[in-house]
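Engineer: Take a look and give me a structure for this.
(one chain, ligands or ions: 1)
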Amino acid sequence: MTENTPLDARFSPTGAPQEPGDAATQQGRRLTTAQGLRVDETEHSLKAGPRGPSLLEDHHLREKITHFDHERIPERVVHARGAGAYGTFRSYGTAASVTAARFLAEEGKETRVFTRFSTVLGSRGSADTARDVRGFATKFYTDEGTFDLVGNNMPVFFIQDAIKFPDLIHAGKPEPDREIPQAQSAHDTFWDFVSLHTEATHMLMWAMSDRGIPRSYRTMEGFGVHTFRLEAADGSTSLVKFHWKPVLGVHSLVWEEAQLTGGADPDFHRRDLADAIAAGAYPEWELGLQVMPDTPDETFEGIDLLDPTKIVPEELCPVQPVGRLTLHAEPTNYFAETEQVAFHVANLVPGIQVTNDPLMQGRLFSYLDTQITRLGGPNFAQIPVNRPHAPVDDMQRDGMHQTAVHEGRAPYQPNSLGGGCPIASGAAGYVHVPTPVEGRKVREAPASFADHYSQATLFWASMTPVEQAHLVGGFTFELGKVGEAAVRERMVANLVRVDRALAERVAAGLGIDITDIPEVTEEGSGSSADVATSPALSQVPQEPGRIDARVIGVLADDGADLAGIDTLRQALADQGATAVVVAPHGGEISTGDGSTAVDKALVTTRSVEYDAVVVAGGTAGSAVATDPATTVLLAEAFRHGKAIAAWGDGAEVLRSAVDADAPGVIAGSGAGDVTHDLVTALGMHRSWERLATIAGV
Ligand code: HEM
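Structural biologist: Numbers count the residues shown, from 1 in each chain. Have a look, this model is predicted:
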């Protein structure tokens, strides 16, 4: 790189980004103005004498401050807070029978990607662990043009028609009079809106469940939500839903933990993503497809595929893996890449088409429109992170922030003066599938869109008792924050139509009497197949999963069993997890013949930073045993269902804080005796038995 590296210098002449991460050293470089003029010094403004006024003549001062004054751009109107990473998508080739899209159809084909995860409601500076939907947007830089899969971590949405999106977001964002609450749906206007729009009920079940508080981006599912139309090379079409399945399993926080994390580490998810990539524990997802026949009525087993408040249960239509995404590189500069990336549902490639889902149709307009404001004009596709890797020859010209120097005098089509002009590709280009379109102009929804409850009931019935308890807790917390009694009551009445037991438990928490609310027999189940439960919707693992980049806090002090700590550290490292030594003081802890570095002092840490907590042997009677922060840390980890272990006399410390006989609490005489059970417990993510006991179910 030269001294004055332009923003796109990381890109090769073909436009392909070079590997991010090689931050150029500033050593030996000269400070200049934006015009390349070397400055003499930059700590004092030019003044009429040391005590005199600053001089208008000081261009360096004015340029520096002016640039600073304009450093901020508008944040995204939704999904403002996010974190991204570069990666690679590798196709299995299994989708060749349903799509002509080369990045999916060709076995072994690798495509560079950029993925951005986000919360929806909070501002750029809000906390990662707020209860919210998470965005999961992936830009595939394919050689046929850029394809964006702009999805969420929930497979349905609050509304069925994009015309309601401004209303939904106005209701969910902080209330406009006092601009509170930040990054929360737990307030009157949100619940007013969703209780009046009963089509939101299914999505509310997802948002109030553990899905609303993911453990990390690495352990989230992703969904394209809408049904897409895929076209194969032979012209045959099918209706398809996209799924991202995390290789590490789907895991969440518990609610108290999410709230504490918002204060202890608001960057929890952003940090987790960056730390995992830095440690080489590259997050991975399998891309899967649910493939359904493209029938004239666009339904599958009675489920309307154009209704974005409906899923197709995996038991009815299995998700077939078609490729693997690996995120392996952090962006070099947050603003240039993660902030300026611009996804759009309309960025499609041959073989992938949209459908008439009225939510999707509105999105086709919204993203380009908003990005023209957010990124300051129509040329944001020239920003490195947005630049296609396929050659671009679009005859678009000029506009704000135009960085290309176009040649020639005939930027129009056709022309006889430009020495030839780019020609359209006909059948080799993007051809819209000629689906017939006819109908009366109406502002109406199909009759099937009136079913607002059947799949909310399916979701409730598919949860394990402990997950149901968390759902009840989510509704009770959020509605408990609603001031207007009428809104609370209306929402609980809606829940009666989902499941009476659910409504009764939420009503009990809110102090609402629902005995007079009658049962309503729902019309139109939405699924002729009558799937009563869909086990695939539950997050409770059936067997231990991988524990890559999980963090285990090891409580220790001077005098602790350092050899044991090493044994534990190594055993965890073998599984890709990290042991963090937590002690009453920073620096080092020592024991006669050796010492080890302290990673965190008790005063700077909270239980929420760890997936499991272990008390080292040799700690009984030490300061760690008597520090009140130890009791808080162990008690929180216990309440949150985390694995807790101790060896040697560390068990005494553990016993003084928690019930050592409870499920998921492990003790042994040496460190080597606890590692196997600890790794297994971590693989289950939580002690579900202990969480069930705590929830009283
Ligand atoms: C299935 C429903 C939807 C999903 C899955 C979804 C997903 C997303 C995601 C993931 C982002 C963040 C992209 C990023 O990381 O930069 C986003 C941003 C956005 N969405 Fe949606 N969205 C949905 C519905 C809608 C609708 C109905 C509209 C408007 C009619 C809309 C308008 C926007 C806008 C304006 C942004 C900000 C884009 C930007 O500034 O670059 N979304 N959406």
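
Engineer: For residue 105, give me its contacts.
Structural biologist: For residue 105, the contact set (CB atoms under 8 Å, 6 or more residues apart in numbering) comprises 91, 93, 95-96, 99, 233, 351. C-beta here means a position set from N, CA and C on the backbone, and glycine is covered the same way.

Engineer: Between which two of the residues you listed is the distance greatest?
Structural biologist: Within these, 91 and 233 form the most distant pair, 14.4 Å apart (CB to CB).

Engineer: Need the nearest residue in space to residue 56, chain neighbours excluded.
Structural biologist: Closest residue in space to residue 56, ignoring its immediate chain neighbours: residue 62 at 7.8 Å, by CB to CB, 6 or more residues apart in numbering.

Engineer: again with residue 189
Structural biologist: Closest residue to residue 189 apart from its sequence neighbours, by CB to CB, 6+ apart: residue 171 at 4.6 Å.

Engineer: Please narrow the contacts of residue 105 to those residing in strands.
Structural biologist: Among those, DSSP state E puts residue 91 in strands.

Engineer: Now which of the contacts of residue 105 would you call buried?
Structural biologist: Neighbour counting with 16 or more other CB atoms under 10 Å marks 91, 95-96, 99, 351 as buried within the contacts of residue 105.

Engineer: Identify the bridge partners of residue 85.
Structural biologist: Counting by DSSP bridges, residue 85 forms beta bridges with residue 115.

Engineer: Surely it and residue 277 touch.
Structural biologist: Yes: under the criterion of CB atoms under 8 Å, residue 85 makes contact with residue 277 at 6.0 Å.

Engineer: neighbour count winner among these two?
Structural biologist: Between residue 85 and residue 277, counted using other CB atoms under 10 Å, the more crowded position is residue 85 (25 against 21).

Engineer: what residues are up against the more buried one?
Structural biologist: Counting by CB under 8 Å, 6+ apart, residue 85 touches 114-115, 273, 277, 283, 327-331.

Engineer: measure stretch 657-667 end to end?
Structural biologist: Taking CA to CA, to the nearest Å, the first and last residues of stretch 657-667 lie 14 Å apart.

Engineer: same check, this time on stretch 89-105
Structural biologist: One end of stretch 89-105 sits 12 Å from the other (CA to CA).

Engineer: Kindly report the same for stretch 216-231.
Structural biologist: Span of stretch 216-231 from end to end, CA to CA: 34 Å.

Engineer: Could you do stretch 370-379 as well?
Structural biologist: This stretch, stretch 370-379, spans 13 Å end to end (CA to CA).

Engineer: mean confidence score for it?
Structural biologist: Per-residue pLDDT values over stretch 370-379 give a mean of 98.

Engineer: For it, what is the distance to the chain centroid?
Structural biologist: Centre-to-centre, stretch 370-379 and its host chain are 24 Å apart (CA atoms, centre = their mean, to the nearest Å).

Engineer: For the ligand, tell me whether that stretch is touching it.
Structural biologist: Yes: counting by CB under 6 Å from any ligand atom, the ligand is contacted by stretch 370-379 at 370-371, 374.

Engineer: how about residue 146, what does it touch?
Structural biologist: 139-140, 347, 349, 386, 388-390.

Engineer: Let's see which of those end up in helices.
Structural biologist: Among the contacts of residue 146, no residue falls in helices (DSSP state H).

Engineer: so of those residues, which ones are in strands?
Structural biologist: If you go by DSSP E, the contacts of residue 146 have 139-140 in strands.

Engineer: Just the closest of the contacts of residue 146 to the ligand, please.
Structural biologist: Checking these against the ligand with CB to the nearest ligand atom, the nearest one is residue 139 at 9.3 Å.

Engineer: contacting residues for the closest residue to the closest one other than its chain neighbours?
Structural biologist: Sequence neighbours aside, residue 114 is the residue nearest to residue 139 in space, at 4.7 Å (criterion: CB to CB, 6+ apart). Residue 114 makes contact with 84-87, 138-139, 141, 337, 341, 385, according to CB under 8 Å, 6+ apart.

Engineer: hang on, the earlier thing: which pLDDT value belongs to the residue nearest to residue 56?
Structural biologist: The predicted local confidence for residue 62 is 97.

Engineer: Check residue 424 too.
Structural biologist: The model's pLDDT for residue 424 equals 92.

Engineer: Around the ligand, pick out the residues from this protein.
Structural biologist: Checking the chain against the ligand by CB under 6 Å from any ligand atom, the hits are 76-79, 82, 116, 118, 135, 137, 150-152, 157, 162, 165, 225, 308, 341-343, 359, 362-363, 366-367, 370-371, 374.

Engineer: just the buried members of the contacts of residue 146?
Structural biologist: Buried among the contacts of residue 146 by 16+ other CB under 10 Å: 139-140, 347, 349, 386, 388-389.

Engineer: contacts for the helix or strand where residue 672 lies?
Structural biologist: Element membership for residue 672, per DSSP states H and E: helix 671-683. Identification of contacts with helix 671-683 by CB under 8 Å, 6+ apart yields 541, 543-547, 550, 552, 561, 563-565, 567-568, 571-572, 575, 577, 611-612, 614, 616-617, 643, 645-647, 664, 666-668, 687.
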